[in-house]
Structures are given as C-alpha cells and as structure tokens.
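Asker: generate coordinates for the sequence data below:
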Amino acid sequence: MNTELFKLIRPQQWVKNLFVFVPLFFAGQLFRLDALAYTVVVFVAFCFMSSAVYCYNDIIDADADRRHPVKCHRPIASGAVSPRAAYLLMAVLTVLSAATLLMLSGDILTNVALVFGFYYLLNLAYCSKLKQFAIVDVCIVAFGFVLRIFAGGFAGDIVLSKWIVLMTFLLTLFLSFSKRRDDVLRMNETGEAPRKNTVRYNLTFINQAVTITAAVTLMCYIMYTVSPEVTEHFDTDLLYLTSVFVLLGLLRYIQISVVDKKSGDPTKVILHDHFSQTVVLMWILAFLIIIYLS
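Answerer: Numbering: from 1, shown residues only. Okay, here's the model as predicted:
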C-alpha cells in the first residue's frame, strides 16, 4: 500500500477499537473462545470502518487542515492523496468492514450490523456538520465508544450493565475534553481557531469540564466495584482496590494535559507515556487476578 494511503487510514488509531473487548473483560468471560472469536471479528470490522470514516473526515477537513501547523501534513491536505482516491479507499474499507461482519451469523450479525450502520451514519454526520457544535462534538465522540462496547456485547452475547455504559461514556468524554484543551491553547497562541467550534470553548470551561468528568468517572467506577450486583457476580468484594489505578491514570492524564500541554492525541499519550502504560497494565493485571484467580 502507498505510504500516504497508509497514513490516511491511521492504523495507530485502531487501538481505540479495543473497546469492543470491554464487555468480555468486565463480564469475566475473556477466555470464552467462541465469544472471543466473534469479538475479534468485530474488532477487525471496526478497524476497517473507523479508517473509512477517517478518510471522509480528512476529505471534509482538507481546507482547514492546510491552515493547521500539524494537520497540514495529512495526506489530503498536503496534496499527496487526491480526494477522489480517498473516496475510493473509503468505499473499499466500507465494503471490507461489511464483508468481515458476514463472518458472524444469526441475531449476532443482525444486532452488530445495526450498531455498525448507526455508527457509520452518525460519524458521517459528525464529519459533515455536527463537529461544528461545541459540546455536541465531544458527546458524539464519546458515544462512538459506547457503540463499540454495544457491538462487543452483542458479539459475546453479553448484556451490558449500566455501569459499563456510563464508565465508557464518561471516560471517553473526559479524554475528548482534554483533547479540545489543546485546540484552545493553540487558538490562544495563534489567534486562529483550529476548529470552527473552538471559539465556543475557553480554558476556564475546559478545565472545569475535565475536572468534572474525571471526578464523575472515578466515582462511577468506585460505585461499580462496590455495587451488590458486581460483588455477587464475581463473588468477591476486592474490586474496589483497582480504583487506585483508575485514580492514578486520570491524574496522570490531567498532568499531561495541564502541565505538559500534550493531550492533543489520547492514542499517542497511551502509546508513548510509560507511566500511563504501567498504570493501565497494573489495572488490567489486578482486575484479572481478582476476577479470574481469586
């Protein structure tokens, strides 16, 4: 594949699609092979689908990206890839996503396909218009992750708890507000808004939004770990201990956002910040030990 086309599909962002495994993980069924196989199929299909959306996003944003100090190097904005080629790649990726889903069957295929269809249409609307509205934009991004866990739940035949849905939405809303903070900082430095809706944000609002969503996310997680339904399901009351790692992870991300001013791309933070990687790994290990080995 041409290097520029490879950059256009943003494979580094596929890590976001790991959210489809969240239902299996929290249900304690990560090693149920049939459910795991179906979830892997959904993960691959989401990678194709999300890359198709990235193609469309870069086509729509090409003019604005050319005025951005970093995004101006994106394949379409730089002129390395034509809009026509991007549309063709988008169509191919969409077909590949649909074809991958055909590996599923029955009600699982129907339910997952409905989630994918809604995700696709919602994101096309987001790229075309909805991203221009402050607050609405971050909510749609967060809801995209909720749709991922719904797809994963259908794939694994797992009924999602209200806690999983709330935590997913709140955590990704927190990350989205943190990402918008970088846009506000760039606007303050250059006097030009990176996005049309950036003028509807300022540092005071963003800082408060980040603080509120972080606090509510942590509280929601603690309530999840001590809720009777969860302690009964896993037959343990030790899950609350993992809250320490959630708190550390949130504080670290706030530090990166406020002190280092480098929260523009959550994926890069996770892939390059060793402290964050360690906290996430320790949280996963602690959770696995408590629910699978205790």
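
Asker: the lowest-mean-pLDDT helix or strand in the chain: which residues count as buried?
Answerer: Within the chain, no helix or strand scores below helix 266-272, which has a mean of 81 by mean pLDDT, DSSP states H and E. For helix 266-272, the neighbour count (16 or more other Cβ atoms under 10 Å) marks 266, 269, 270 as buried. All C-beta spots, glycine's among them, are computed from the backbone N, C-alpha and C.

Asker: kindly report the same for stretch 104-113.
Answerer: Those would be 104, 108, 109, 111, 112, 113, for stretch 104-113 by 16+ other Cβ under 10 Å.

Asker: low-confidence ranges, this protein, go.
Answerer: Counting by pLDDT under 70, the ranges of the chain that qualify are 1, 263-264, 294.

Asker: do you have the helices of it handy? List them.
Answerer: Here the chain has its helices, by DSSP state H, at 3-8, 22-27, 33-60, 62-66, 75-78, 83-101, 106-128, 136-155, 162-190, 203-226, 228-234, 243-255, 266-272, 274-288.

Asker: hang on, residue 83 packs against residue 60?
Answerer: No. Look at residue 83 against residue 60 with Cβ atoms under 8 Å: they stay out of range, at 9.6 Å.

Asker: looking at those two, which is more packed in?
Answerer: residue 60 (18 against 13; other Cβ atoms under 10 Å).

Asker: what sits closest to that one if chain neighbours are left out?
Answerer: residue 127 (5.0 Å; Cβ to Cβ, 6 or more residues apart in numbering).

Asker: from residue 58, how far off is the one you found?
Answerer: Distance, residue 127 to residue 58, using Cβ to Cβ, to the nearest Å: 9 Å.

Asker: can you check residue 9 too?
Answerer: According to Cβ to Cβ, residue 9 and residue 58 sit 10 Å apart.

Asker: before we move on, back to that, which elements pack onto the least confident helix or strand of the chain?
Answerer: helix 162-190, helix 274-288 (3 or more Cβ pairs under 8 Å, 6 or more residues apart in numbering; DSSP states H and E).

Asker: what would the ones you listed look like in CSV with distance to residue 217?
Answerer: Compiled in CSV, the helices and strands packed on helix 266-272 are given as follows (distance: least, Cβ to Cβ, whole Å):
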stretch, distance to residue 217
helix 162-190, 4
helix 274-288, 13
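
Asker: which of those sits closest to residue 21?
Answerer: Closest to residue 21 of these, according to Cβ to Cβ: helix 274-288, at 11.0 Å.

Asker: quick one: residues in contact with the closest one.
Answerer: 25, 30, 239, 241-242, 245-246, 248-249, 252-253, 256, 269-270 (Cβ atoms under 8 Å, 6 or more residues apart in numbering).

Asker: re earlier: same list (the buried residues of helix 266-272) but as a markdown table, adding distance to residue 207.
Answerer: Converted to a markdown table, those look like this (distance: Cβ to Cβ, whole Å):
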| residue | distance to residue 207 |
| --- | --- |
| 266 | 17 |
| 269 | 18 |
| 270 | 22 |
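
Asker: now residue 197: how far from residue 171?
Answerer: Taking Cβ to Cβ as the measure, residue 197 falls 22 Å from residue 171.

Asker: and for residue 277?
Answerer: Relative to residue 171, residue 277 is positioned 17 Å away (Cβ to Cβ).

Asker: just checking, residue 75 touches residue 7?
Answerer: Yes. Proximity of residue 75 to residue 7 meets the contact threshold set by Cβ under 8 Å, at 5.4 Å.

Asker: out of those two, which sits in the busier spot?
Answerer: A side-by-side neighbour count of residue 75 and residue 7, using other Cβ under 10 Å, places residue 75 first with 24 against 19.

Asker: ok, residue 193 - how many residues close by?
Answerer: By other Cβ under 10 Å, neighbour count at residue 193 equals 17.
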